[in-house]
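1. Sequence below, structure please.
(chains A and B)
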Amino acid sequence: AQSVAQPEDQVNVAEGNPLTVKCTYSVSGNPYLFWYVQYPNRGLQFLLKYITGDNLVKGSYGFEAEFNKSQTSFHLKKPSALVSDSALYFCAVRDKAAGNKLTFGGGTRVLVKP
Amino acid sequence: DTGVSQNPRHKITKRGQNVTFRCDPISEHNRLYWYRQTLGQGPEFLTYFQNEAQLEKSRLLSDRFSAERPKGSFSTLEIQRTEQGDSAMYLCASSLHRQGASDTQYFGPGTRLTVL
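-> Purely as a prediction, here's the structure:
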């Protein structure tokens, strides 16, 4: 079975400071890893994904994530947070050998204060 | 590319009634997924189609739930004899699957169901 853990329910950061949202995963095979963002009353918006290759993945809106196989982590980062980054962030995993469904973490609410 | 659309956006119904939701995927996307999201939780997989074939169903999808994608384009999700526990956001996603590649799922805005 595959699972995702987002250990922080909420992350508070001042505008202009670095932002990190943590994610760890568990799969029996090799993972595909994804980050999505959800704004109020809207669906999930794709940010980035890791498939294979370079462990540092760059995505939309200045976000990036680092795949760490030994720590089974895929933390989302942004060097300088904006107030508009305030939203709900979801990490998701798909086991390459176990079907096509995404398994999501519980989400982390990011609050960027001016 | 107009994105994934879902209708209605909101549905309020009384317990025991049947409801049907519609999802229109991004054109030319051959895979379509349904997820359910309850307040404070991440989305949970319900089922997915490749073209018109339903290839996987979650154990969450009880006998009261049925999904179709009759022509391989739009999909409907029907819930019969709704219960208060069915209250949730129902999300649809679509992707373009090519052999040997990993497809990305793009989500619609969701249909929020409230069962009174």
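
2. And stretch A:9-17, how far out from the chain middle?
-> How far stretch A:9-17 lies from its chain's middle: 15 Å, per CA atoms, centre = their mean, to the nearest Å.

3. Does A:F34 touch A:V93 like I think?
-> Yes. Using CB atoms under 8 Å, A:F34 is in contact with A:V93, at 7.5 Å. C-beta coordinates here come from the backbone N, C-alpha and C atoms, glycine included.

4. From the contact counts, what lies against the lowest-mean-pLDDT helix or strand in chain B?
-> In chain B, the helix or strand scored least confidently by mean pLDDT, DSSP states H and E is strand B:53-57, which has a mean of 92. Using 3 or more CB pairs under 8 Å, 6 or more residues apart in numbering or on different chains; DSSP states H and E, the elements in contact with strand B:53-57 are strand B:44-50.

5. contacting residues around the strand it packs on?
-> Residues from elsewhere that reach strand B:44-50, judged by CB atoms under 8 Å, 6 or more residues apart in numbering or on different chains: A:100-104, B:30-37, B:54-58, B:60-61, B:65, B:67, B:69, B:72, B:75, B:77, B:97.

6. Could you pull up the mean pLDDT of stretch B:24-44?
-> Across stretch B:24-44, pLDDT averages out at 94.

7. same thing with stretch B:73-91?
-> Confidence for stretch B:73-91, expressed as mean pLDDT, is 96.

8. Distance from that stretch to the middle of the chain?
-> From the chain centre to the centre of stretch B:73-91 is a distance of 8 Å (CA atoms, centre = their mean).

9. For A:K58, grab phi and psi.
-> Main-chain torsions, A:K58, degrees, to the nearest 10: phi -100, psi 140.

10. Check the gap between the residue nearest to it when sequence neighbours are not counted and A:A14 for me.
-> Computed as CB to CB, 6 or more residues apart in numbering or on different chains, the closest residue to A:K58 that is not its neighbour in sequence is A:E64, at 4.8 Å. According to CB to CB, to the nearest Å, A:E64 and A:A14 sit 20 Å apart.

11. For the two, indicate the residue with more neighbours.
-> Per other CB atoms under 10 Å in any protein chain shown, whichever of A:E64 and A:A14 has more neighbours is A:E64, with 16 against 11.

12. surely the more buried one meets A:K78?
-> Yes. Using CB under 8 Å, A:E64 is in contact with A:K78, at 7.3 Å.

13. Can you give the contact residues for stretch A:40-55?
-> A:31-39, A:57-61, A:63-69, A:74, A:76, A:89-90, B:4, B:6, B:43, B:91, B:93, B:102, B:104-110.

14. Now, of these, which are buried?
-> A:31-38, A:57, A:59, A:63-67, A:74, A:76, A:89-90, B:4, B:6, B:43, B:91, B:93, B:102, B:105-110 (16 or more other CB atoms under 10 Å in any protein chain shown).

15. which residues does the residue of chain A found nearest chain B contact?
-> Using CB to the nearest CB, the single residue of chain A nearest to chain B is A:F104, 3.2 Å away. By CB under 8 Å, 6+ apart, the contact set of A:F104 is A:V4, A:Y36, A:F90, A:C91, A:A92, B:G42, B:P43, B:E44.

16. Fine, thanks again, bye for now.
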